[in-house]
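Asker: Output the structure for:
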Amino acid sequence: MKKLFVAVAVAGLAFATSCKTETNKTVVTDSDSDTIAVVETTEVDGVYVDEAEAKAKVDQAQKDLDEAIAKGDKAAEETARKALDNANVAWENTKTAVKGAANDVKEGVNDAANKIDQKAQNVKEDVNAAAKDAKEDVNQAAQDAKEGVNKAAEDAKQGINNTLEKAKIK
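Answerer: Below you'll find the model as predicted:
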C-alpha cells in the first residue's frame with residue numbers, strides 16, 4: 001500500500017515538472033527607434049501555467065492600448081490591439097489548460113483511489129480466504145489427530161485383550 005502511494009506521488013511530481021513554457025518577445029519600433037509596443041507571446045507545452053500571470057499580461061496589454069489611443073498613434077494602437085488579442089487568447093488558453101489539468105488531476109486521484117480501494121478489497125478477500133483455509137486445515141488436523149489417538153487407543157486395547165487371552169490360555 002505504501003508503494004502505491006509513493007508511486008502516485010512520484011507520478012504527480014513528474015506530471016507537474018514535465019511542463020515546458022516558452023516566452024517570445026517582439027519589440028515594435030517606429031522610424032525614430034522609439035519603442036511603440038512590446039508583444040509577448042507565451043507558448044505552453046504542458047499544463048503548468050500561471051493564470052494570474054496571463055491575466056496580468058492582459059491588463060498590461062489593455063494599458064498599452066489605452067496609452068496608444070491617448071497618443072493618437074495608429075500604428076501603436078494597431079500593434080497594441082494585436083497584443084491585447086494575443087494576450088486574451090493566451091489567457092483563455094491558460095484558463096482552459098488549468099481547468100483541464102485540474103480535471104486530469106482529479107480523475108487521476110479518483111482513479112488511484114478506486115484502484116487502492118479495489119486492491120484493499122482484494123487483500124481483504126485473500127486474507128479471509130486464507131483464514132478460512134487455515135481454519136479448515138486446523139480442524140482437519142485436529143480431526144486426524146483425534147482419529148489417530150482413537151486408533152492408537154483401540155490398538156492398545158486390542159493388544160491388551162490379546163495379551164489377556166494368551167495369558168488365559170496358558
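Asker: what about the longest helix in this protein?
Answerer: Residue-count comparison of every helix in the chain, with assignments taken from DSSP state H, identifies helix 74-169 as the longest.
Asker: which other helices and strands contact that helix?
Answerer: Taking 3 or more Cβ pairs under 8 Å, 6 or more residues apart in numbering; DSSP states H and E as contact, the helices and strands that helix 74-169 lies on are helix 2-17, strand 20-29, strand 35-45, helix 51-71. For every residue, glycine as well, the C-beta is placed using N, CA and C.
Asker: Check which residues of stretch 63-80 are buried.
Answerer: Using 16 or more other Cβ atoms under 10 Å as the test for burial, stretch 63-80 gives 64, 65, 68, 73, 76, 77, 79, 80.
Asker: What is the end-to-end distance of that stretch?
Answerer: One end of stretch 63-80 to the other measures 9 Å (Cα to Cα, to the nearest Å).
Asker: returning to what we had before: distance to residue 55 and pLDDT for the buried residues of stretch 63-80 - can I get that in TSV?
Answerer: Supplementary listing: the buried residues of stretch 63-80 in TSV, determined by distance: Cβ to Cβ, whole Å; pLDDT from 0 to 100:
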residue	distance to residue 55	pLDDT
64	15	84
65	16	83
68	20	83
73	26	80
76	23	80
77	22	81
79	21	84
80	17	83
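Asker: I'd like those written out as a markdown table, with distance to residue 93 added.
Answerer: Shown next, in a markdown table, are the buried residues of stretch 63-80 (distance: Cβ to Cβ, whole Å):
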| residue | distance to residue 93 |
| --- | --- |
| 64 | 20 |
| 65 | 20 |
| 68 | 24 |
| 73 | 29 |
| 76 | 25 |
| 77 | 24 |
| 79 | 21 |
| 80 | 20 |
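Asker: For residue 162, state which of these is nearest.
Answerer: Taking Cβ to Cβ as the measure, residue 162 sits nearest to residue 64 out of the buried residues of stretch 63-80, at 117.9 Å.
Asker: pretty sure that closest one is in contact with residue 86, am I right?
Answerer: No. Between residue 64 and residue 86 there is no contact under Cβ atoms under 8 Å: 11.8 Å.
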